[in-house]
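>>> generate a structure from the sequence data that follows.
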Amino acid sequence: MELPNKSKAQVSITKIVNYLLSETHPLGKSKARYFRSYGFNDENAAELASGFLLIAKNSEVERSEQSLFGMKYVIRGELMTPNGDMIRVRTVWIIENNADTPRFVTAYPAE
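The predicted structure follows:
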């Protein structure tokens, strides 16, 4: 299954910088260590966002589940890093209730 309305998918650069790459965010700091170890940082956050969008647009949904706020979708894919490595990650997207735009929630390493 494809991510519904994948052409409309959105990733907030603010969320990338203040959460996923933040070394002080209570929930994001372990993810920040992971992504920063491959060369991602505040200056190239747009590159990370673009990589997540490529995964949303080109990979299949692994699983979906209804939450209180909307339908969540988990998509596994490969991401090229600034260091030149290809890493496997899982991305999570939500289409909120009464909306049709997939919005990036988080990403983490995939086995």
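>>> show me what the lengthiest helix in the chain packs onto, helices and strands only.
Across the chain, the longest stretch assigned as helix under DSSP state H is helix 45-58. Using 3 or more C-beta pairs under 8 Å, 6 or more residues apart in numbering; DSSP states H and E, the elements in contact with helix 45-58 are helix 13-15, strand 70-80, strand 86-96, strand 103-109. (Glycine included, C-beta is placed from N, CA and C.)
>>> recalculate using a threshold of 7 Å.
helix 13-15, strand 70-80, strand 86-96 (3 or more C-beta pairs under 7 Å, 6 or more residues apart in numbering; DSSP states H and E).
>>> would a markdown table of the ones you listed with distance to Asn5, mean neighbour count and mean pLDDT be doable?
Listed next are those as a markdown table, based on distance: least, C-beta to C-beta, whole Å; neighbours: other C-beta atoms under 10 Å; pLDDT from 0 to 100:
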| stretch | distance to Asn5 | mean neighbour count | mean pLDDT |
| --- | --- | --- | --- |
| helix 13-15 | 19 | 13 | 97 |
| strand 70-80 | 11 | 19 | 98 |
| strand 86-96 | 7 | 18 | 98 |
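>>> looking at the ones you listed, spot the one closest to Leu21.
helix 13-15 (9.7 Å; C-beta to C-beta).
>>> now do the contacts for the nearest residue to Tyr19 once chain neighbours are set aside.
Nearest residue to Tyr19 in three dimensions, chain neighbours excluded: Gly28, at 4.3 Å (C-beta to C-beta, 6 or more residues apart in numbering). Listed by C-beta atoms under 7 Å, 6 or more residues apart in numbering, the contact partners of Gly28 are Tyr19, Leu20, Ser22.
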